[in-house]
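Visitor: just the structure for this:
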Amino acid sequence: MSDEAIDLAVIGGTGLYRLAAFEDAEAIVRDTPYGETSGPVRVGRLHGRRVAFLARHGEQHSLPPHRVNYRANLWLLQDLGIRRVLAVNAVGGITGDWAPQALGLPDQLIDYTWGRVGTFCEEPGSEVLHVDMTEPYSRSLREAVLQAGVDARVALVDGGCYGATQGPRLETRAEIARMRRDGCDLVGMTGMPEAGLARELGLEYACLALVANWAAGCGDQAEITLEEVHANLEHATAPIPALLEALLAPAR
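Guide: Model (predicted):
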């Protein structure tokens, strides 16, 4: 593997299992202190920059949200010397700006998950970290992605509260109503513990959320169908190559 620094890691969520225009990619499979990663970390060139890509659910989408080894995934990215991580997450929209097919960058987070290992401080003798999560996403990376959206003419929703639920089932209408009262604008299943673990490792971390559907009781659909989800994700992922090209462009 080259000693050249890797500029960015992209964690692909549902609907994003590879990067278009990826050149000379090599697959890195390595043991971690926390077990196996979701799959190989593929490192190659994208628009002249070294970039890593990891499919969060596995390249065949075989891992449900609660079975993803978030610790192994992030530990390996950090061990490869990566400092910036852009996490792509499929979500449901709750409030108006977060309509199906929208893309955006939330700036807040509420964790409703349970039973997931959410810290690197589990092992005997490890340092206990009380990391600050006042701002759960890195401001500098969020701003860079938002500016890339302007440069690439990709419309991005700026700000919103991501509610992370356990999954893999979708939420009930009453659960979404509660989340709306709590202040959530979007709902997903993989936002935590990933963001907290990234903070413990000192990584710059931002979420690029792709709206696959209206959440239960939002919008006018009687039920949420997989056909709708897949169609909306196909539309929402289409601008990602242009967005990444702008994000990786040399600073003017």
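
Visitor: ok, Val150 - contacts?
Guide: Applying CB atoms under 8 Å, 6 or more residues apart in numbering to Val150 gives no contacts. (C-beta placed from N, C-alpha, C; glycine too.)

Visitor: mind doing that once more with 10 Å?
Guide: Residues in contact with Val150 (CB atoms under 10 Å, 6 or more residues apart in numbering) are Leu156, Ala246.

Visitor: so what's the predicted local confidence for it?
Guide: On pLDDT, Val150 comes in at 97.

Visitor: buried ones in whatever helix or strand it lives in?
Guide: Per DSSP states H and E: Val150 is located in helix 139-152. Residues of helix 139-152 classed as buried: Leu141, Arg142, Ala144, Val145, Leu146, Ala148, Gly149, Ala152 (neighbour count, 16 or more other CB atoms under 10 Å).

Visitor: hmm, Asn89 and Arg56 touching each other?
Guide: Yes: with contacts counted by CB atoms under 10 Å, Arg56 reaches Asn89, the gap being 8.4 Å.

Visitor: overlap in contacts of those two?
Guide: With CB under 10 Å, 6+ apart as the test, Arg56 and Asn89 both reach Ile11, Gly12, Gly13, Thr14, Leu16, Thr190, Glu194.

Visitor: same list (the residues you listed) but as JSON lines, adding distance to Asn73, neighbour count and secondary structure.
Guide: As requested, the shared contacts of Arg56 and Asn89 are exported to JSON lines (distance: CB to CB, whole Å; neighbours: other CB atoms under 10 Å; DSSP: H, G, I helix; E, B strand; the rest coil):
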{"residue": "Ile11", "distance to Asn73": "7", "neighbour count": "28", "secondary structure": "strand"}
{"residue": "Gly12", "distance to Asn73": "11", "neighbour count": "23", "secondary structure": "strand"}
{"residue": "Gly13", "distance to Asn73": "12", "neighbour count": "28", "secondary structure": "coil"}
{"residue": "Thr14", "distance to Asn73": "15", "neighbour count": "23", "secondary structure": "coil"}
{"residue": "Leu16", "distance to Asn73": "15", "neighbour count": "23", "secondary structure": "coil"}
{"residue": "Thr190", "distance to Asn73": "11", "neighbour count": "29", "secondary structure": "coil"}
{"residue": "Glu194", "distance to Asn73": "8", "neighbour count": "24", "secondary structure": "helix"}
